[in-house]
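*Asks:* Take a look and give me a structure for this.
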Amino acid sequence: MLAAAALRGRAPQRAPQGEPAAETGGSSEAAIMVAVRVRPFSSKELSMLPAEPGSQFGPTARNFMNYNEAADERPQSKATIRKVVHTIDDHVLVFDPPDENDGDRRAPVAASNKRHKDIRFVFDRVYGHEASQRDVYEGTTRGLLDAVMTGYNATVFAYGATGCGKTYTISGCPADPGVIFLTMQELFERVAAAQDEKTIEVALSYLEVYNETIRDLLVEDGAGAGAAGLALREDAKQGVTVAGLSEHVPSSVERVMELMVRGNSNRTMSPTEANAVSSRSHAVMQVHVRQKARAGGLQTDVTTATLSIIDLAGSERATVTKNNGARMREGANINRSLLALANCINALCDQKTKRHIPYRDSKLTRLLKFSLGGNCRTVMITCVSPASTYYEETHNTLKYANRAKNIRTTVAKNTKSTQVHLAQYQSKIREQSDEIKRLQQEVAALKSRPAATAAAAAAAGSRNSAQAVQAMAELRKQTQAVQVVQDLRNKMATAYAPIREAKWEHASALMVGGWYDHHLDALKGWREQFETAFQEQQHLFSGSGAMDIDDGADDGSSAIARRSLVFRQQVDELLRDLTRERKTIGRHAEHSTQLIERNSYMAERAAQVPPSVQLTAEQRYHVDQEYRVLDLSAERGGL
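*Replies:* Numbers count the residues shown, from 1 in each chain. Below is the predicted model:
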């Protein structure tokens with residue numbers, strides 16, 4: 001039943017996050033990538049779920065793989081909650097589907113006194129409760145590292161109600177680290193791999209927004225109860241910055257985790273009825289990457305990028321959290337900032353009216369201004385609970401996440417060319433002179449060596465030369481494979497460009513053709529009924545001695561007959577026009593089908609790797625994924 005619900009009107013997957021839609025002057029337009037993660041049930045929630053059918057009879061052929069002896073031993077108490085979020089595949093989930101056993105009857109344990117909503121949502125990625133931290137990182141954040149290392153700003157933030165796993169997704173735990181650790185681990189691996197060619201500097205800062213006050217989490221005094229809030233500054237070049245925020249330069253991922261542990265210990269957290277370790281503030285970690293070529297001359301290109309990882313505090317209801325006093329004020333400020341974020345999402349999605357974006361309603365939305373609508377590639381990880389106790393929170397969260405898919409940002413590469421000042425020329429000349437002297441000394445030492453030493457050096461040089469030749473050949477082979485992969489991507493993209501247009505025309509022709517068929521059938525049926533009624537009326541007139549419409553009589557019956565005949569002729573003409581238009585639309589649909597088949601064949605040929613090139617398994621995987629993404633993108637464009 002769930003699969004059938006998901007297939008009804010199923011929309012295709014969107015193109016991956018960061019795929020440019022239109023490029024202008026070195027910048028490109030990219031859509032926000034939205035992923036949904038459904039957390040598992042807690043032990044308390046598991047005890048409140050209804051027992052699985054057949055489990056009281058032990059393992060059967062139907063439930064053998066999922067049979068749990070401990071579940072049979074638990075008392076069969078009356079169910080008080082139910083599962084309201086069902087994941088269908090990697091892109092589709094269904095919210096509040098009807099129960100398979102009671103059909104469309106009113107759910108006895110629903111959080112709201114309404115019938116099942118049975119709403120299908122389609123996102124870029126959907127992760128069920130079985131997904132690991134590595135799975136979430138690979139599908140959402142890893143792609144942002146490519147953007148950061150090439151000079152594009154990037155942001156990933158977790159959004160959802162309290163107790164739905166946002167902090168766990170972002171920070172994780174020592175045994176199962178989250179997005180921050182996995183991102184920084186791979187970032188330092190990439191920095192180490194590129195250190196022979198580039199000089200890369202990595203700096204980070206960590207702050208929180210607590211009760212509309214910005215505080216530095218990496219400074220002991222910055223998180224105290226009496227700490228003064230930091231001020232926000234904004235300009236066109238640097239975007240939104242925080243004045244006085246400390247920056248740290250870690251040398252390894254271990255040092256990063258030490259800073260994160262220190263910052264999390266300074267972060268404001270407090271237990272509530274809904275979450276024992278509830279975060280009472282929004283946490284923002286920013287990683288600044290600055291890189292330039294080692295072999296730079298008097299003019300050097302410097303590339304900068306900022307990766308922001310944001311753990312939002314969860315929205316909460318006072319009736320659920322049972323807060324009072326300071327906790328209630330904190331919850332009110334959290335909800336106020338999240339409401340401002342929701343208003344910004346609504347305004348950004350409304351592209352037709354071009355209404356004002358209320359970024360200044362909250363410190364949070366000001367910090368996220370360029371992540372939501374500026375120069376940044378953004379990933380939104382939406383965390384939801386499958387339990388019906390979070391019914392309204394989950395529904396609202398999914399609605400806003402679904403709207404966020406329509407937000408588009410304009411991204412541009414952050415590269416600045418710097419030139420050595422005239423005052424620094426002497427130091428450059430001195431460095432070059434020292435290097436020349438060192439090389440001259442090495443040459444003189446080699447000339448003064450005995451012949452045997454020279455022969456040994458020559459032999460060593462030949463071995464090194466052979467190794468260098470072999471390494472160069474291997475590098476050339478890898479470079480050729482990378483170039484082949486890029487050429488395949490370009491060819492497939494070129495082949496799929498007309499397929500999107502053809503699929504859109506084909507879908508439009510089918511839809512309009514269906515409209516014509518419906519109205520033609522209705523008009524023909526009405527024409528037959530009208531003809532039958534007209535014949536009966538004419539027979540009645542002739543039987544009663546009335547004059548025929550052609551005998552020149554002007555009585556009332558003949559006038560009605562003439563008007564009916566004229567009206568019938570107009571209907572016949574309309575039927576002919578509709579039939580002619582329907583045939584034209586059919587020819588359009590047939591033409592677009594042929595175009596799709598021809599270009600699909602060309603795209604399939606473009607995806608074939610030349611026999612002379614050997615690709616690695618990872619490169620072959622990337623080509624296959626590119627082919628699949630282009631196919632799904634074309635399908636999405638058509639539907």
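
*Asks:* any chance you could map the helices in the stretch 51-200 of the chain?
*Replies:* Using DSSP state H, counting those that start in this stretch, the helices of the stretch 51-200 of the chain run over 69-73, 133-140, 142-149, 166-170, 179-193.

*Asks:* just the stretch 301-450 of the chain next, same as before
*Replies:* 318-321, 326-349, 363-367, 369-373, 391-404, 425-447.

*Asks:* List just the one of these that sits closest to Gln569.
*Replies:* With Cβ to Cβ as the measure, helix 326-349 is the member of the helices of the stretch 301-450 of the chain nearest Gln569 (50.6 Å). Every residue, glycine included, has its C-beta placed from N, CA and C.

*Asks:* Tell me the buried residues in that closest one?
*Replies:* 327, 330-331, 333-335, 337-338, 340-345, 347-349 (16 or more other Cβ atoms under 10 Å).

*Asks:* What sits closest to Met149 if chain neighbours are left out?
*Replies:* Leaving aside its chain neighbours, Met149 sits nearest to Arg190 (5.9 Å; criterion: Cβ to Cβ, 6 or more residues apart in numbering).

*Asks:* Isn't the one you found up against Leu145?
*Replies:* Yes. The criterion here is Cβ atoms under 8 Å, and Arg190 meets it with Leu145 at 6.8 Å.

*Asks:* out of those two, which sits in the more crowded spot?
*Replies:* The neighbour comparison of Arg190 against Leu145 (other Cβ atoms under 10 Å) goes to Leu145, with 19 against 15.

*Asks:* out of the helices of the stretch 51-200 of the chain, which comes closest to Ala603?
*Replies:* helix 142-149 (23.0 Å).

*Asks:* packing partners for the closest one?
*Replies:* On a contact count with 3 or more Cβ pairs under 8 Å, 6 or more residues apart in numbering; DSSP states H and E, helix 142-149 meets strand 154-160, helix 179-193, strand 282-293, strand 299-311, strand 377-384.

*Asks:* now the third one: mean pLDDT?
*Replies:* This means strand 282-293. Mean pLDDT, strand 282-293: 90.

*Asks:* The last one now?
*Replies:* Computed over strand 377-384, the mean pLDDT rounds to 92.

*Asks:* picking that back up, so which of the helices and strands packed on helix 142-149 comes closest to Arg215?
*Replies:* Among those, strand 282-293 comes nearest to Arg215, with 10.3 Å by Cβ to Cβ.

*Asks:* So for the closest one, what gets flagged as buried?
*Replies:* His282, Ala283, Val284, Met285, Gln286, Val287, His288, Val289, Gln291, Lys292.

*Asks:* ok so, going back, tell me which of the helices of the stretch 301-450 of the chain lies nearest to Ser205.
*Replies:* Among those, the nearest to Ser205 by Cβ to Cβ is helix 363-367 (11.9 Å).

*Asks:* Where do the helices of the stretch 501-639 of the chain begin and end?
*Replies:* 556-606, 617-638.

*Asks:* can I get the ones you listed in CSV with mean neighbour count and distance to Phe123?
*Replies:* What follows is those, written out as CSV (neighbours: other Cβ atoms under 10 Å; distance: least, Cβ to Cβ, whole Å):
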stretch, mean neighbour count, distance to Phe123
helix 556-606, 14, 26
helix 617-638, 16, 13
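
*Asks:* looking at the helices of the stretch 51-200 of the chain, which is buried most?
*Replies:* Most buried of the helices of the stretch 51-200 of the chain, by mean neighbour count (mean count of other Cβ atoms under 10 Å): helix 166-170, with a mean of 24.

*Asks:* Show me what that one is in contact with.
*Replies:* 37, 39, 133, 136, 158-160, 178-180, 277, 279, 283, 309-312, 314, 381, 383 (Cβ atoms under 8 Å, 6 or more residues apart in numbering).

*Asks:* repeat that for 10 Å
*Replies:* By Cβ atoms under 10 Å, 6 or more residues apart in numbering, the list of residues contacting helix 166-170 from outside reads 35, 37, 39, 127, 133, 136-137, 140-141, 156-160, 173, 176, 178-181, 183, 260, 264, 267, 269, 275, 277-279, 283, 285, 309-314, 381-383.

*Asks:* hang on, the earlier thing: any idea which of the helices of the stretch 51-200 of the chain scores lowest on pLDDT?
*Replies:* Across these, the lowest-scoring stretch is helix 69-73, with a mean of 46.

*Asks:* Pretty sure Val136 sits against Gly178.
*Replies:* Yes. Assessed by Cβ atoms under 10 Å, Val136 is found in contact with Gly178 at 8.2 Å.

*Asks:* Not counting its neighbours along the chain, what's nearest Arg526?
*Replies:* Not Arg; residue 526 is Trp. In space, Trp526 is closest to Val571, 7.9 Å off (Cβ to Cβ, 6+ apart).

*Asks:* Report the beta-bridge partners for Tyr387.
*Replies:* Not Tyr; residue 387 is Ala. Lys83 (DSSP bridges).

*Asks:* Let's have the helices and strands packed on helix 142-149 in a markdown table, adding distance to Val249.
*Replies:* Output for the helices and strands packed on helix 142-149, formatted as a markdown table (distance: least, Cβ to Cβ, whole Å):
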| stretch | distance to Val249 |
| --- | --- |
| strand 154-160 | 20 |
| helix 179-193 | 12 |
| strand 282-293 | 10 |
| strand 299-311 | 15 |
| strand 377-384 | 24 |
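
*Asks:* Compare those and give me the one nearest His506.
*Replies:* It's strand 377-384; of the helices and strands packed on helix 142-149, that one is closest to His506 (Cβ to Cβ) at 32.0 Å.

*Asks:* Overlap of the contact sets of Arg190 and Leu145?
*Replies:* Val289.
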